[in-house]
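[1] Quick one, what's the 3D model for this:
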Amino acid sequence: MHRTLGLTLSLGVLAADQATKLIARAHLTEPATLGPFLNLQLGSNTGVTLGLFAGSGELGRWLLVAGTAAVALWLMAWMWRERRLAVAAPLALFVGGALGNIVDRVRLGAVTDFIDAHIADFHWPTFNLADTAITVGVAWLLLTSLGRQASATTPSSPPAKGHP
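    A predicted model of the protein is given here:
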């Protein structure tokens, strides 16, 4: 059950990511304001998060593809074996997002970004749906892990009288 769900969720994230990037590249010629904290602005990133390793050339590009693919394969194997939905689903989000950015890097040489979140003049680095899926997947895994640790250290019933 979780294998099918994980694969479907990963492919859904990949498809949605590629569709939104295609729309952004085709139609986002000028920045667009969506609200007080959100703009759409087309950009591309040859690096990784926060533009790290940008400008590292073709070797850097293919090293990023290989590294990201290795992580995605490892997470897919984990997802395939995982029996808990609360772990398989966030892994699927991460895998789908990683695959979306790999497709861009292979096809275009850079990842298409277009979401600009900001507060006043402070702007986060521009990102995309794949980045969002990866971030949500990581946060979900951390919260699941912390929740399991907390429940493992919390006694299920109060101690008997006379026992600490």
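
[2] Phi first, then psi, for Asn128.
    Backbone torsions for Asn128, taken as degrees, to the nearest 10, come to phi -140, psi -180.

[3] Any idea how many residues pack against it?
    24 (other CB atoms under 10 Å). The C-beta positions use only the backbone N, C-alpha and C, and glycine is treated the same way.

[4] my read: it touches Thr20, true?
    Yes: the pair Asn128 / Thr20 is scored as a contact, 7.0 Å apart, by CB atoms under 8 Å.

[5] Need the overlap of contacts for these two.
    Phe114 (CB atoms under 8 Å, 6 or more residues apart in numbering).

[6] just the strands in this protein please.
    32-35, 38-45, 111-119, 122-123 (DSSP state E).

[7] Can you add mean neighbour count and give those back as TSV?
    TSV is the format used below for these (neighbours: other CB atoms under 10 Å):
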stretch	mean neighbour count
strand 32-35	10
strand 38-45	17
strand 111-119	19
strand 122-123	10
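
[8] can you list the ones you listed in JSON lines and add mean pLDDT?
    Shown next, in JSON lines, are the strands of the chain (pLDDT from 0 to 100):
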{"stretch": "strand 32-35", "mean pLDDT": "93"}
{"stretch": "strand 38-45", "mean pLDDT": "94"}
{"stretch": "strand 111-119", "mean pLDDT": "96"}
{"stretch": "strand 122-123", "mean pLDDT": "93"}
